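>>> prediction below, plus the sequence it came from.
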Amino acid sequence: RKHNKNKVSSIEKVHDAYIIAVEDDARKRLDQFTKGQQVRAVDDPNPHSIRHNQ
């Protein structure tokens with residue numbers, strides 16, 4: 001069978017689907033958590049950073 005570099009491997013497709021499912025689940029849990037609370041979700045490009053408000 002010839003390999004085509006333009007085709008995404010089935011492993012990559014499964015990985016992408018898994019990431020989407022995890023993000024969707026996290027979004028649903030965050031929505032449930034924030035009901036009735038003043039919480040603002042932010043997209044942190046550097047999640048390992050530690051920020052302290054002083």
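Thanks, I have the structure now.

>>> rest of the way, CA atoms for contacts and neighbours
OK.

>>> mind checking how far E12 is from I20?
For E12, the distance to I20 equals 12 Å [CA to CA, to the nearest Å].

>>> for Q38, same thing?
Shown here: Q38 relative to I20, a distance of 26 Å by CA to CA.

>>> so the two - more neighbours on which side?
More crowded of Q38 and I20, by other CA atoms under 10 Å: I20, with 12 against 6.

>>> shared neighbours of E12 and I20, anything?
Taking CA atoms under 8 Å, 6 or more residues apart in numbering as the criterion, E12 and I20 do not both touch any residue.

>>> from R29, how far off is the residue most central in space within the chain?
Geometric centre of the chain, nearest residue: E23, 3.7 Å, by CA atoms, centre = their mean. Applying CA to CA, the value for E23 to R29 is 10 Å.

>>> then D44?
18 Å.

>>> more neighbours: which of these two?
With neighbours defined as other CA under 10 Å, D44 and R29 compare such that R29 has more, 11 against 8.

>>> host element of that one?
In the assignment (DSSP states H and E), R29 maps to helix 10-34.

>>> distance of the residue nearest to the centre of the chain from K7?
E23 sits 24 Å away from K7, going by CA to CA.

>>> so where's the chain shaky on pLDDT?
Low-confidence segments of the chain (pLDDT under 70): 1-6, 39, 41, 47-54.

>>> can you give me the buried ones in stretch 15-22?
For stretch 15-22, a neighbour-count test (16 or more other CA atoms under 10 Å) marks nothing as buried.

>>> okay, it in PDB with CA atoms only?
C-alpha atoms of stretch 15-22 as PDB (Å, rounded to 0.1, in the frame of the first residue of the first chain):
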ATOM      1  CA  HIS A  15      -5.800  11.400  19.100                       C
ATOM      2  CA  ASP A  16      -7.600  14.500  17.800                       C
ATOM      3  CA  ALA A  17     -11.000  13.000  18.600                       C
ATOM      4  CA  TYR A  18      -9.900  12.200  22.200                       C
ATOM      5  CA  ILE A  19      -8.600  15.800  22.700                       C
ATOM      6  CA  ILE A  20     -11.900  17.200  21.400                       C
ATOM      7  CA  ALA A  21     -13.900  14.900  23.800                       C
ATOM      8  CA  VAL A  22     -11.700  15.800  26.800                       C
END
